[in-house]
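Asker: show me the folded form of this:
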Amino acid sequence: MLDFTLTPQQLALQQKAREFALKEVLPVAWYYDEKDDIPLPVIRKAFDAGIMNLDIPKAYGGQGLGLVEAAILTEELAAACPGLATSIFDNSLGMEPVLLSENEEIRKRYLPRILNDFKTICFATSEPLMGSDVAGIRCLATADGEDFILDGSKYWITNGGLADYMSVFATVDPKQSHKGICAFLVEKDWPGVRVGRPIPKMGQRCSNTVGLKFENVRVPKANVLAPPGKGFVLAMKTFGRTRPIIGAFGVGAARSAMEYAMDYAKKRQAFGMPIANFQAIQFKIAEMYQKVETARLLTMKAAWEADQGMDPTLNASVAKLYATEVALEVVNEALQILGGYGYTKMYPVEKLLRDVRLLRIYEGTSEVQRVIVAGTVMSQYQSAMPALEDLPLHREADPLGADAMKPAWRCRICGYVHYGDDAPDECPYCFFPKSAFKKAGEGATA
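Answerer: Below is the predicted model:
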């Protein structure tokens, strides 16, 4: 039986996250957005409050919470500021390859540090000439005995400027495509690691984004997250578990924009009444609410699948695709309801609009999600309905009457159904020969 009720523990986490978002995140979001800087004191408060690193397993001292809890928490934080929510969530993104790696020793060494010592970790796949095409990585990992030497650069790295550790994906040979991809845990203070200037962005300005440069960086064997040939799979498994949370970013931002629009519509007077009384505004609010609710359900389904040990790849892409596109639509409509005020920096919606625009790009663009969904559905979807060529579609003979036992032959070209002991020599509609017909069966049992 389906049950969409949150547990008491999940409700308590939701309330805790909401209080943190309203008390610690919301008051500083616009100031740091204007500065184009990350509020490190808030990140520290999130760490101290137990808002970060919820997914570290109990075996390493963590809470061991799942993606459903992560989605609940992220929605609340993103409702206050998607940029700050990104920075807080990024530790989980950076840790995911560590959690999924076959290297148990690396978990024992690093997860307690992240949990207890306020160490941060980022995720580094993207490069200046490569975004969603993970197989196109050019950052080079050259074997040197049992160690590897890293040379190359990464770009668009969230929290890269403040991370102590980095989950870095590289390749032993760009010509090998996905077969050459490997992954490493790199420490920022190792010789040869350089951090670029913060990248100036349109939105998500409360989130640090930089480029990383690796020059002759030696990575010991102990820090290999995935050997050559296994890195691509590790990256894809990581995205399968983190894309639902990007959906939660969209849900949170869209929800707060809807709430701002509702508040404004109830108080703004036009033509002698609140604009909330006009059907045009009511229809906008109705569609916004429907989209927020649908996006949340898709996000939770994908998160739940991952928590149950199921392959979340398909529904993670569905959730990420739908929720991020819905976020842009809902925030845009909220700005329309606020009119000129919505377009100003004195009201909150213009920042949300700038922030959510990124959601359709990072962790795989909307176009990439469509490719994943289409490819998976077309190759793996199991149809409940019969194939078209096996479908009699009785029109000339009553399948419940006297002709019920007559054999039916369906033309595989135009769909015409012929009744008789044998197929016709030629289809009377499309003129294809007898070989185009397939015996569908007898009467209603066909």
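Asker: please make it C-alpha for all contacts and neighbour counts, starting now.
Answerer: Fine.
Asker: quick one: the helices in the stretch 1-150 of the chain, in order.
Answerer: 8-20, 26-35, 40-48, 67-80, 82-100, 104-116 (DSSP state H, counting those that start in this stretch).
Asker: got those as TSV, with mean pLDDT and distance to L358 columns?
Answerer: Formatted as TSV, the helices of the stretch 1-150 of the chain follow (pLDDT from 0 to 100; distance: least, CA to CA, whole Å):
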stretch	mean pLDDT	distance to L358
helix 8-20	97	23
helix 26-35	97	15
helix 40-48	96	21
helix 67-80	98	13
helix 82-100	96	10
helix 104-116	97	27
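Asker: return the most buried member of those.
Answerer: helix 67-80 (a mean of 27; mean count of other CA atoms under 10 Å).
Asker: what does it rub up against?
Answerer: 10, 13-14, 17-18, 20-22, 25-26, 29, 51, 54-55, 84-86, 89, 241, 244-245, 248-256, 299-300, 303-304, 306-307 (CA atoms under 8 Å, 6 or more residues apart in numbering).
Asker: any idea how far that helix is from the middle of the chain?
Answerer: With CA atoms, centre = their mean, to the nearest Å as the basis, helix 67-80 stands 13 Å off its chain's centre.
Asker: and the angle from that helix to helix 8-20?
Answerer: 20 degrees (axes from the mean of the first three to the mean of the last three CA atoms, to 10 degrees).
Asker: can you check what angle separates helix 67-80 from helix 26-35?
Answerer: 70 degrees.
Asker: dump the residue contacts of A135.
Answerer: Contacts of A135 by CA under 8 Å, 6+ apart are S177, H178, I181, F232.
Asker: among those residues, which are in helices?
Answerer: If you go by DSSP state H, the contacts of A135 have F232 in helices.
Asker: can you pick the most crowded of the contacts of A135?
Answerer: I181 (31 neighbours; other CA atoms under 10 Å).
Asker: I'd assumed A235 was in contact with that residue.
Answerer: No - contact criterion CA atoms under 8 Å: I181 and A235 do not qualify, at 9.3 Å.
Asker: strands of the stretch 101-250 of the chain, start to end?
Answerer: Along the stretch 101-250 of the chain, the segments classed as strands by DSSP state E, counting those that start in this stretch run 121-124, 140-144, 147-158, 165-171, 181-187, 193-195, 209-219, 224-226.
Asker: in CSV, list the ones you listed along with distance to Y341.
Answerer: What follows is these, written out as CSV (distance: least, CA to CA, whole Å):
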stretch, distance to Y341
strand 121-124, 37
strand 140-144, 50
strand 147-158, 31
strand 165-171, 42
strand 181-187, 46
strand 193-195, 39
strand 209-219, 30
strand 224-226, 50
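Asker: include distance to L115 and mean pLDDT when you put those into a markdown table, please.
Answerer: Formatted as a markdown table, these follow (distance: least, CA to CA, whole Å; pLDDT from 0 to 100):
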| stretch | distance to L115 | mean pLDDT |
| --- | --- | --- |
| strand 121-124 | 11 | 97 |
| strand 140-144 | 29 | 96 |
| strand 147-158 | 19 | 97 |
| strand 165-171 | 13 | 97 |
| strand 181-187 | 16 | 98 |
| strand 193-195 | 24 | 98 |
| strand 209-219 | 23 | 98 |
| strand 224-226 | 19 | 98 |
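Asker: out of these, flag the one nearest R354.
Answerer: For the strands of the stretch 101-250 of the chain, proximity to R354 was assessed by CA to CA; strand 209-219 is nearest, at 15.4 Å.
Asker: any idea how this structure splits into domains?
Answerer: 232-380, 388-445 (automatic domain parsing).
Asker: ok, now how distant is the closest residue to D307 other than its chain neighbours from N91?
Answerer: Distances taken as CA to CA, 6 or more residues apart in numbering place G66 nearest to D307, at 5.8 Å, with adjacent residues excluded. Distance, G66 to N91, by CA to CA, to the nearest Å: 15 Å.
Asker: what do you get for K154?
Answerer: 17 Å.
Asker: ok, now S317?
Answerer: 21 Å.
Asker: try G401
Answerer: 68 Å.
Asker: equivalent analysis for T324, please.
Answerer: 21 Å.
Asker: do D311 as well
Answerer: 22 Å.
Asker: no more questions from me, cheers.
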